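Predicted model and sequence below, questions to follow.
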Amino acid sequence: MTVLTSQPEWQRLTELATSVKSTHMRDWFAEDPQRASKFQTEACGLYLDYSKNRVDQEVLDTLFALADSQGLSAHREAMFGGANINNTENRAVLHTALRNFSGEPVYVDGQDVMPEVLATLEKIRAFTHAIHSGAHVGYTGKPIRQVVSIGIGGSFLGPKIMTEALKPYTHDAVKVHFVANVDGCHIHDVLSTLDHTETLIVMSSKSFSTQETLQNTLSAKDWFLSQGGSQQDIARHFVAVSSNVAAATEFGIAEENIFPMWDWVGGRYSLWSAIGLPIALALGFDNFKSLLEGAHEMDKHFKTAPSKQNLPVIMAMLGIWYRNFFDAQSHVLLPYYHYLRGLPAYVQQLDMESNGKQVTQAGQRVDYATGPIIWGSEGTNGQHSFHQLIHQGHGIIPADFLMPLNVPNQDDTHHAMLASNCFGQTQALMQGKSFEDCYKDLEGKGLDEEQRRSLAEHKTMPGNKPSNTILFEKLDPFTLGALVAMYEHKVFVQGVIWQLNSFDQWGVELGKVLGNQVLAGIVGSADHDQFDPSTQQLIARFRKANAPK
Ligand SMILES: O=P(O)(O)OC[C@H]1O[C@H](O)[C@H](O)[C@@H](O)[C@@H]1O
């Protein structure tokens with residue numbers, strides 16, 4: 001038994017789970033008229049109703065006690081304080097410094113990083129202004145009207161999804177396009193619509209070694225040259241964001257066109273760094289800064305609020321409850337807001353790349369479940385497809401429903417329907433529909449007794465399915481910053497409980513290495529014997545299909 005599962009709080013939670021499993025949430029609501037008002041809280045513009053969860057006060061208190069026993073406060077201080085908590089890469093984890101507007105220094109290895117963070121922010125501001133004002137023009141003197149942001153993973157999802165979520169705040173000076181996939185169709189489709197004389201390429205790669213991003217940038221460079229641009233014109237049309245300035249310079253990006261970042265910024269936590277440059281270009285610098293300010297507000301809340309009012313802590317501990325004591329395999333995110341439709345994909349990387357681990361920070365294999373599968377998509381669409389499994393499938397899938405109370409250009413009829421569906425789903429998941437009610441509904445429908453009972457069985461909804469509802473006035477940059485930071489800290493807290501290093505990603509690193517080895521096999525520069533028979537067969541089939549005709 002590991003230290004975690006032998007904790008008295010863990011043992012107590014195991015006992016509590018047994019009794020909670022035999023209780024229906026609808027009985028709790030019936031017994032306690034105050035339940036809804038007890039289990040709700042609000043911070044940084046986000047309102048959380050977590051009353052439709054399979055918890056009572058004792059469960060919550062024990063979950064918070066577990067967080068204390070795992071040293072959450074000390075771990076939190078270590079992260080904000082710049083300790084090397086990413087122990088397998090010997091790095092600090094300081095995305096919070098990128099949005100630190102407190103005026104306080106943040107030290108890494110004895111050096112205050114804030115001056116370079118603020119200098120880079122100023123560089124983003126000045127560059128964004130130069131593009132928007134037309135001070136920075138393309139090589140023919142035309143203003144930049146199109147931006148192509150090339151990156152993948154954290155160098156793609158953050159900028160793309162934040163830009164999409166804040167569509168109503170779009171600056172009209174430029175249109176920003178995002179390319180990630182190495183599948184040539186993607187970059188081809190984007191570039192084929194653009195005029196190279198008014199296009200800026202932003203190449204974003206923390207490591208400057210990611211195959212997809214390097215290749216897409218090379219293709220963009222070839223396109224630029226083939227359209228009539230020259231080598232020396234590249235400086236006006238290509239910029240890079242990277243922590244590997246040497247590699248970026250060697251690649252041909254002029255040094256003044258490189259926006260720095262640092263190895264203490266994890267890829268999936270990097271949208272707050274210069275990786276967010278495309279966000280500033282798409283929305284204007286003030287909106288980008290407001291996004292950072294919202295995240296900073298959430299940082300302050302996370303650091304100071306007691307557990308029972310602390311949004312990330314509550315969300316994290318509810319997740320632990322279901323993952324470890326109810327065997328929930330996945331967690332679904334359901335944004336009821338079209339522009340926020342990318343959030344599940346964003347949190348998917350954030351959560352699954354951080355806590356998809358089975359070895360503790362100390363290098364021991366765990367004997368408990370860790371990070372769940374994160375998935376989801378926009379409501380109401382999912383109600384007409386996969387919600388079926390959430391309602392009536394085996395086991396439970398805890399859900400986060402998210403919705404703005406007001407939307408831009410609001411059509412009240414549409415918006416009321418959106419809200420009613422969102423709230424209605426949480427109600428249906430919680431209450432379900434009993435066999436007795438379904439049986440009653442079938443009276444006088446011409447069924448014999450056996451048919452009636454059987455159909456009623458099919459229609460019965462067990463209910464007792466947990467959900468959080470997160471509401472906000474509107475999704476402005478500040479609120480989005482707070483929302484994303486809330487999920488970051490939720491993932492952090494869960495990593496602390498599970499004793500994981502949430503900040504490395506050796507699994508995806510291996511994928512990168514193997515991809516390059518197979519590429520060598522495909523182009524014929526590596527011996528095929530090194531691959532397993534199945535992979536050899538696939539390579540052979542591919543080579544045959546692509547052999548010179
Ligand atoms: O920014 P880059 O160095 O190109 O990395 C892009 C992505 O690469 C890897 O797949 C990592 O797992 C991601 O966390 C990272 O965001």
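Nice, thanks for sending it over.

Residues of this protein that sit close to the ligand?
By the rule Cβ under 6 Å from any ligand atom, the part of the chain lying against the ligand is 152-155, 205-207, 210, 213, 267-268, 353, 505, 508. C-beta: built from backbone N, CA, C; applies to glycine.

before we move on, which element is the spatially most central residue of the chain in?
Nearest to the centroid of the C-alpha atoms of the chain, with distances taken as Cα atoms, centre = their mean, sits Val347, at 2.2 Å. Per DSSP states H and E: Val347 is located in helix 343-355.

got the contact list for that helix?
For helix 343-355, the external contacting residues (Cβ atoms under 8 Å, 6 or more residues apart in numbering) are 153-154, 157-158, 161, 165, 268-269, 331-335, 370-377, 402, 484, 487-488, 491-492, 494-495, 498, 500, 502-503, 505, 508.

and with 7 Å instead?
With Cβ atoms under 7 Å, 6 or more residues apart in numbering as the test, helix 343-355 has contacts from 153-154, 157-158, 161, 268, 333, 335, 370-371, 374-377, 487-488, 491, 494-495, 498, 500, 502-503, 505, 508.

Remind me what the very next helix or strand once past that helix packs against, helices and strands.
Next helix or strand after helix 343-355 toward the C-terminus (DSSP H and E): strand 373-376. When contacts are defined as 3 or more Cβ pairs under 7 Å, 6 or more residues apart in numbering; DSSP states H and E, strand 373-376 packs onto strand 330-335, helix 343-355.

possible to save these as TSV with mean pLDDT and distance to Gly110?
Listed next are the helices and strands packed on strand 373-376 as TSV, based on pLDDT from 0 to 100; distance: least, Cβ to Cβ, whole Å:
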stretch	mean pLDDT	distance to Gly110
strand 330-335	98	39
helix 343-355	98	27
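
List the beta-bridge partners for the residue of the stretch 1-150 of the chain found nearest the ligand.
Residue nearest to the ligand within the stretch 1-150 of the chain (Cβ to the nearest ligand atom): Ile150, separated by 9.7 Å. Beta-bridge pairing for Ile150 (DSSP bridges): Val179, Met203.

Minimum distance to the ligand, which residue of the stretch 401-549 of the chain gives it?
Across the stretch 401-549 of the chain, no residue is closer to the ligand than Val508, which sits at 3.8 Å (Cβ to the nearest ligand atom).

Give the burial count for that residue, as a bare number.
Using other Cβ atoms under 10 Å, Val508 has 13 other residues around it.

Identify the spatial nearest neighbour of it, chain neighbours not counted.
Among residues not flanking Val508 along the chain, Glu353 sits closest, at 6.7 Å (Cβ to Cβ, 6 or more residues apart in numbering).

Based on its surroundings, how many neighbours for the one you found?
Count around Glu353 with other Cβ under 10 Å applied: 22.

do you know how far it is from Trp272?
17 Å (Cβ to Cβ, to the nearest Å).

Kindly report the same for Glu378.
To Trp272, Glu378 is 25 Å away according to Cβ to Cβ.

Show me which of those two is the more surrounded one.
Set side by side, Glu378 and Trp272 show more neighbours around Trp272, with 29 against 19, by other Cβ under 10 Å.

Number of residues surrounding the residue lying closest to that one once chain neighbours are set aside?
Distance criterion Cβ to Cβ, 6+ apart; nearest residue to Trp272, sequence neighbours excluded, is Leu98 at 3.9 Å. Other residues near Leu98 come to 28 when the count uses other Cβ under 10 Å.

check contacts around Leu98.
117, 265, 272-273.

hmm, try it at 6 Å
Applying Cβ atoms under 6 Å, 6 or more residues apart in numbering to Leu98 gives the contacts 117, 272-273.

now swap in Cys438 and tell me
With Cβ under 6 Å, 6+ apart, Cys438 has these contacts: 456, 459-460.

Which residue ranges of the stretch 251-400 of the chain form helices?
Assigned by DSSP state H, counting those that start in this stretch, the helices in the stretch 251-400 of the chain fall at 277-283, 285-304, 311-325, 343-355, 387-392.

Val106 versus the residue in the stretch 201-350 of the chain positioned nearest to the ligand, what's the distance?
Proximity of the stretch 201-350 of the chain to the ligand (Cβ to the nearest ligand atom) peaks at Gly267, 2.6 Å away. Distance, Gly267 to Val106, by Cβ to Cβ: 20 Å.

same thing with Asn53?
35 Å.

Turn the buried ones among the contacts of helix 343-355 into a named ChimeraX selection, would you?
Filtering the contacts of helix 343-355 down to the buried ones (16 or more other Cβ atoms under 10 Å) takes a single ChimeraX command:
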select :153,154,157,158,161,268,333,335,370,371,374,375,376,377,487,488,491,494,495,498,500,502,503,505
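
From one end of stretch 441-460 to the other, what's the distance?
One end of stretch 441-460 to the other measures 11 Å (Cα to Cα, to the nearest Å).

Could you do stretch 190-199 as well?
Start-to-end, stretch 190-199 (Cα to Cα) is 11 Å.

Over to stretch 494-510?
End-to-end distance for stretch 494-510: 24 Å, by Cα to Cα.

distance between the ends of stretch 82-99?
Using Cα to Cα, the end-to-end distance of stretch 82-99 comes to 14 Å.

Buried residues of it, list them for me.
82-83, 85-86, 91-99.

again with stretch 240-248
240-245, 247-248.

Could you identify the most distant pair in those residues?
Within these, two members stand farthest from each other by Cβ to Cβ: Val241 and Ala247, at 12.4 Å.

got JSON lines for the buried residues of stretch 82-99, with secondary structure too?
Output for the buried residues of stretch 82-99, formatted as JSON lines (DSSP: H, G, I helix; E, B strand; the rest coil):
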{"residue": "Gly82", "secondary structure": "coil"}
{"residue": "Ala83", "secondary structure": "coil"}
{"residue": "Ile85", "secondary structure": "coil"}
{"residue": "Asn86", "secondary structure": "strand"}
{"residue": "Arg91", "secondary structure": "strand"}
{"residue": "Ala92", "secondary structure": "coil"}
{"residue": "Val93", "secondary structure": "coil"}
{"residue": "Leu94", "secondary structure": "coil"}
{"residue": "His95", "secondary structure": "helix"}
{"residue": "Thr96", "secondary structure": "helix"}
{"residue": "Ala97", "secondary structure": "helix"}
{"residue": "Leu98", "secondary structure": "helix"}
{"residue": "Arg99", "secondary structure": "helix"}
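
okay, those residues in TSV with pLDDT next?
TSV is the format used below for those (pLDDT from 0 to 100):
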residue	pLDDT
Gly82	97
Ala83	96
Ile85	97
Asn86	97
Arg91	97
Ala92	97
Val93	98
Leu94	98
His95	98
Thr96	98
Ala97	98
Leu98	98
Arg99	98
